[in-house]
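Participant: kindly return the folded structure for what I paste below:
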Amino acid sequence: MIYATCNSCKQKYALPPEAAGQTKTCRKCGESILIPGKFTFPDSSLRVDGRQKPRVVANPTRSASVDQPVGHSLFAGIYKQYRELGWVLVGLVAVAALIALFNLDRLASMADPPSIQVDSRWDDKDTRQLGEKIYENSIPAVVRIEVYANHRRIGRGSGFFLYPGDKLVTNNHVIDDADHVVVETYWRRKIRIDKVLARDSDSDLAILPVPASFEPEALKLADRSHSVGETVFALGSPKNTRFGISQGVIVQLREDKYRPCRRVQADISTQPGSSGGPLIDRDGNVLGVISSSRPTDRKFTYAIHQDEIRKLLSRDLQPTALK
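Facilitator: All right, here's what the predicted structure looks like:
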């Protein structure tokens, strides 16, 4: 680059090497400017550390048709030098953003590990391994339910997707008084539901529709009989625990004294917010739906038997507004 200054108005120019030895007209005052020859020194305002460095003019290969002010040419030079690197950095940032977008749920879940509670009376290696297997296979079908009315959250509970995944099961008392619910999966996917397919206050069960585009993982109902003393697992998202699992045993299977439905009593730990979550047997199938418990005595945890879900499914299921 060759630097030249108009003697009249002191306008500075940076010219291509091909302009060496030629004469140009100053665009500001109209005076003629003789372009320096092979070596040229920048104006004093362009010195670095007080030194003047000679610039060597390359062999002219293009016509001298471009002339730009010094500041603009310096910017253009820097842009040309680093623009390829800039596009590479932009591409890397875009790829990283896409990876983060598709893995955010998994990363968030890994950062917030599940709570696995095993009673010390049955805390052996086989039971813990079974619990880990049940959790891994079943937790993607379990959801946390936030209940809303008049644009305000009024409650929270749990639930699960029922095979083949087009229905969501929870307790009727969880969605009572709601005009819509927000369902969140283990991978932090959320859907808004404002319809109900069927609900029954006697069995305290409710079945909600799942949008066809959602396609969640789902749990199957148990297809065998169960006995007292059998190991069971409770899954849900109770207060202060994100998608936890606890292990216990069946205490008894009986008809409810106060409601015309069958219930399962289990010696298992649950907390407020567990209502609507599944009670899972050793095969990974749904034995019942957690409905109530005594905080002071885990032996009195109750679940609605899965036979009651079958009865509700046999009805004419038509979507209606929650409220």
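Participant: buried residues in stretch 261-274, which are they?
Facilitator: 261-271, 273-274 (16 or more other Cβ atoms under 10 Å). For glycine as for every other residue, the C-beta is placed from the backbone atoms N, C-alpha and C.
Participant: out of the residues you listed, flag the one nearest to residue 311.
Facilitator: residue 261 (8.5 Å; Cβ to Cβ).
Participant: in three-state terms, label the residue nearest to that closest one when sequence neighbours are not counted for me.
Facilitator: Of all residues not flanking residue 261 in the chain, residue 203 sits nearest, at 4.2 Å (Cβ to Cβ, 6 or more residues apart in numbering). Secondary structure for residue 203, judged by DSSP: H, G, I helix; E, B strand; the rest coil, is coil.
Participant: residue boundaries of the helices in the protein?
Facilitator: For the chain, helices defined by DSSP state H occupy the ranges 70-111, 125-138, 172-175, 306-313.
Participant: among the ones you listed, where is the model least confident on average?
Facilitator: Among the helices of the chain, helix 70-111 carries the lowest mean pLDDT, at a mean of 65.
Participant: show me what contacts the spatially closest residue to residue 7 that is not a sequence neighbour?
Facilitator: Among residues not flanking residue 7 along the chain, residue 31 sits closest, at 6.9 Å (Cβ to Cβ, 6+ apart). With contact taken as Cβ atoms under 8 Å, 6 or more residues apart in numbering, residue 31 is in contact with 6-9, 25.
Participant: for residue 184, see how far away residue 31 is.
Facilitator: 75 Å (Cβ to Cβ, to the nearest Å).
Participant: which pLDDT value goes with the spatially closest residue to residue 13 that is not a sequence neighbour?
Facilitator: In space, residue 13 comes closest to residue 4 once its chain neighbours are excluded; the distance is 5.0 Å by Cβ to Cβ, 6+ apart. For residue 4, the pLDDT comes out at 81.
Participant: now do the same contact list for residue 4.
Facilitator: 12-13, 15, 24, 33-36, 40.
Participant: what's the burial count for residue 159?
Facilitator: Residues lying near residue 159 (other Cβ atoms under 10 Å) number 28.
Participant: enumerate every residue touching the closest residue to it other than its chain neighbours.
Facilitator: Nearest residue to residue 159, sequence neighbours excluded (Cβ to Cβ, 6+ apart): residue 170, at 3.5 Å. Residue 170 makes contact with 145, 157-160, 205-206, 208, 275-276, 289 under the criterion Cβ under 8 Å, 6+ apart.
Participant: per-domain residue ranges of the protein.
Facilitator: 2-67, 116-321 (automatic domain parsing).
Participant: redo those as CSV? Include distance to residue 95.
Facilitator: Output for those, formatted as CSV (distance: least, Cβ to Cβ, whole Å):
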stretch, distance to residue 95
domain 2-67, 37
domain 116-321, 21
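Participant: so which of those is the most surrounded?
Facilitator: domain 116-321 (a mean of 18; mean count of other Cβ atoms under 10 Å).
Participant: and that one, how far out from the chain's middle?
Facilitator: Domain 116-321 has its C-alpha centroid displaced from the chain centroid by 23 Å (Cα atoms, centre = their mean, to the nearest Å).
Participant: show me where pLDDT drops low in this protein?
Facilitator: 37-83, 100-124, 295-296 (pLDDT under 70).
Participant: kindly export stretch 211-231 (C-alpha atoms) in CSV.
Facilitator: Taking C-alpha atoms only, stretch 211-231 is exported to CSV below (Å, rounded to 0.1, in the frame of the first residue of the first chain):
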residue,chain,number,x,y,z
PRO,A,211,-51.5,-35.0,21.7
ALA,A,212,-50.8,-37.4,18.8
SER,A,213,-47.6,-35.5,18.0
PHE,A,214,-46.1,-36.0,21.4
GLU,A,215,-45.3,-39.8,21.2
PRO,A,216,-44.1,-40.5,24.7
GLU,A,217,-42.7,-43.7,26.2
ALA,A,218,-45.5,-45.5,28.1
LEU,A,219,-46.2,-48.1,30.8
LYS,A,220,-48.4,-51.2,30.6
LEU,A,221,-50.9,-52.4,33.1
ALA,A,222,-50.0,-55.6,35.0
ASP,A,223,-51.6,-58.7,33.6
ARG,A,224,-51.0,-61.1,36.6
SER,A,225,-52.1,-61.4,40.2
HIS,A,226,-50.0,-60.1,43.0
SER,A,227,-49.5,-61.3,46.6
VAL,A,228,-48.8,-59.8,50.0
GLY,A,229,-45.0,-59.3,50.6
GLU,A,230,-44.2,-58.8,46.9
THR,A,231,-41.6,-56.0,46.2
